[in-house]
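*Asks:* Got a predicted model here, sequence first, then my questions.
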Amino acid sequence: MTILYHDAIFQKHQTGPHPECPARLKAIDARLGESGLLGKLPRGEISRATHEQIGLVHDDDYRQHLYETAEAGGGRIEADTVVSSLSYEV
């Protein structure tokens with residue numbers, strides 16, 4: 001089963017020309033709409049992740065680095081990972 005997690009807050013993950021950007025989400029939304037799937041897919045409920053949930057996939061040092069980078073206005077934290085000022089919130 002496919003569940004769609006869709007919320008306007010995801011548009012706030014502004015990463016410049018990086019592929020993980022709002023334009024990518026808009027293109028996906030458009031294609032799902034054209035195909036008729038957008039209205040048929042079950043939707044998942046969006047909620048903010050807790051530190052404990054984030055800790056299931058990232059260690060504390062990485063989480064802290066992500067938080068500090070976002071607080072400083074964003075930037076590249078790895079060769080292929082860009083953080084925006086709101087990435088920690090999104």
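*Replies:* Right, received. Where do you want to start?
*Asks:* For the rest of this, base every contact and every neighbour count on C-alpha atoms.
*Replies:* Noted.
*Asks:* tell me the mean pLDDT over stretch 72-88?
*Replies:* Stretch 72-88 shows a mean pLDDT of 87.
*Asks:* Mind listing what's buried along that stretch?
*Replies:* Using 16 or more other CA atoms under 10 Å as the test for burial, stretch 72-88 gives 74-75, 82-88.
*Asks:* now do stretch 58-77
*Replies:* Using 16+ other CA under 10 Å as the test for burial, stretch 58-77 gives 63, 66-67, 69-70, 74-75.
*Asks:* I'd like those as JSON lines, with distance to Pro22 and secondary structure appended.
*Replies:* JSON lines is the format used below for the buried residues of stretch 58-77 (distance: CA to CA, whole Å; DSSP: H, G, I helix; E, B strand; the rest coil):
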{"residue": "Arg63", "distance to Pro22": "23", "secondary structure": "helix"}
{"residue": "Leu66", "distance to Pro22": "19", "secondary structure": "helix"}
{"residue": "Tyr67", "distance to Pro22": "20", "secondary structure": "helix"}
{"residue": "Thr69", "distance to Pro22": "20", "secondary structure": "helix"}
{"residue": "Ala70", "distance to Pro22": "17", "secondary structure": "helix"}
{"residue": "Gly74", "distance to Pro22": "16", "secondary structure": "strand"}
{"residue": "Gly75", "distance to Pro22": "16", "secondary structure": "strand"}
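*Asks:* Let me know the closest of those to Pro17.
*Replies:* Pro17 lies nearest to Gly75 out of the buried residues of stretch 58-77, by CA to CA, at 12.2 Å.
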